[in-house]
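A.B. asks: Here is my input; please provide its structure:
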Amino acid sequence: MNSLLSSGLFDEKTFYQVFIQDLENSKEEVFIESPFITTERTKPLIPLFNKLLEKGVRIYVMTRDPKEHEEKMEYQSEEIISCFERLGIQVLLCIGNHHRKLAIIDRNILWEGSLNILSQNNSREIMRRIEGEELSLEMFNFLKLYKFI
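C.D. replies: Below is the predicted model:
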């Protein structure tokens, strides 16, 4: 039986404020799965990612191979991936219509739902935030993320 410390639902209007607080409080590692990456959504996050890297937090981004996007999205994705790699973020490219949207922070906070964390713009979305090591580790192990660290 899984136990939850806490769980809450967020939409596209309430997600980022809480997610950014979680990022700011991270101490060890951040995994983000976002199939799409846009400049508009990602650029405001880059200073925070840089700050996290400077304090020793490892950041992993799993996303679609840019070649699987239409031309405009392909270009943006390639540009941001290059930026991430220059900063020290490990980017893992997925092929085959990757579509999962989630984040795991310090293996203790799990975000999952329909919102593309690194590209959301004007769509209606939902994300569930689950705080607790048990369910975060369940997802971490289910996705075999240990292979990438």
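A.B. asks: All the helices of the chain, in order from the start?
C.D. replies: Taking DSSP state H as the test, the helices found in the chain are 15-25, 39-42, 46-54, 71-87, 133-142.
A.B. asks: Just give me how far the third one sits from the chain centre.
C.D. replies: Pointing back at helix 46-54 there. 14 Å (Cα atoms, centre = their mean, to the nearest Å).
A.B. asks: Check what contacts that helix and list those residues.
C.D. replies: 20, 23, 24, 26, 30, 59, 83, 84, 87, 88, 89 (Cβ atoms under 8 Å, 6 or more residues apart in numbering). (Each C-beta comes from the backbone N, C-alpha and C, glycine too.)
A.B. asks: Packing partners of the lowest-mean-pLDDT helix or strand in the chain?
C.D. replies: When the helices and strands of the chain are scored by mean pLDDT, DSSP states H and E, helix 71-87 comes last with a mean of 89. Contact analysis of helix 71-87 by 3 or more Cβ pairs under 8 Å, 6 or more residues apart in numbering; DSSP states H and E lists helix 39-42, helix 46-54, strand 58-64, strand 90-94 as its packing neighbours.
A.B. asks: Now for the residue nearest the centre of the chain: which residues touch it?
C.D. replies: Nearest to the mean C-alpha position of the chain, by Cα atoms, centre = their mean, lies residue 32 at 2.1 Å. By Cβ under 8 Å, 6+ apart, the residues touching residue 32 are 59, 60, 61, 62, 102, 103, 117, 118.
A.B. asks: Residue 98 now?
C.D. replies: Residue 98 touches 33, 35, 62, 63, 64, 68, counting by Cβ under 8 Å, 6+ apart.
A.B. asks: right, and out of those, which lies closest to residue 128?
C.D. replies: The shortest gap between residue 128 and any of the contacts of residue 98 belongs to residue 33, at 14.4 Å (Cβ to Cβ).
A.B. asks: Thank you kindly, that will do.
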